[in-house]
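Sequence first, then the predicted structure:
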Amino acid sequence: METITSNPVCAKEALDLLNCAAASPFDRAKCLRFLDALRDCILEKKVKNFSLVKQSQAGEFQNSKGNSELDQQ
C-alpha cells in the first residue's frame with residue numbers, strides 16, 4: 001500500500017536532478033552528481049517506488065497537508 005509522507009522522501013534530490021536535466025545549457029557532470037545524490041538517498045531511505053500525486057489528489061492533499069508530496073511504498 002502506498003503511503004503519502006508529510007516530508008517527501010528524497011524530494012530535494014529528485015527536484016535537483018529534474019531541474020538540472022531541464023536546464024539550458026545542459027551540464028552533464030552536474031546532473032550526474034545530482035543522480036548520484038538521488039541514488040544515495042534512495043538507498044539510505046530504502047525507497048522502492050516513487051509516484052506523483054494526480055492533480056485532483058494533489059489538491060485534496062494540499063488542503064489537508066499544505067503541499068504536494070511524493071509517495072513512498
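That came in fine, so what should we check first?

the longest helix in the protein is where?
For the chain, the longest helix by residue count, based on DSSP state H, is helix 28-45.

Send me it as CSV with only the CA atoms.
The C-alpha trace of helix 28-45 is given here as CSV (Å, rounded to 0.1, in the frame of the first residue of the first chain):
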residue,chain,number,x,y,z
ARG,A,28,26.1,16.5,-17.8
ALA,A,29,28.7,16.4,-15.0
LYS,A,30,26.5,18.4,-12.7
CYS,A,31,23.4,16.2,-13.4
LEU,A,32,25.4,13.1,-12.8
ARG,A,33,26.3,14.4,-9.3
PHE,A,34,22.6,15.0,-8.7
LEU,A,35,21.8,11.5,-9.9
ASP,A,36,24.4,10.1,-7.5
ALA,A,37,22.9,12.1,-4.7
LEU,A,38,19.4,10.8,-5.5
ARG,A,39,20.6,7.2,-5.7
ASP,A,40,22.4,7.6,-2.3
CYS,A,41,19.1,8.9,-0.8
ILE,A,42,17.1,6.1,-2.3
LEU,A,43,19.4,3.5,-0.8
GLU,A,44,19.6,5.2,2.5
LYS,A,45,15.8,5.6,2.8
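
quick one: buried residues of it?
Cys31, Phe34, Ala37, Leu38, Cys41, Ile42 (16 or more other CB atoms under 10 Å). C-betas here are computed from N, CA, C, even on glycine.

tell me the mean pLDDT for it?
For helix 28-45, mean pLDDT rounds to 97.

Closest to Pro8 out of the buried residues of helix 28-45?
Cys41 (10.9 Å; CB to CB).
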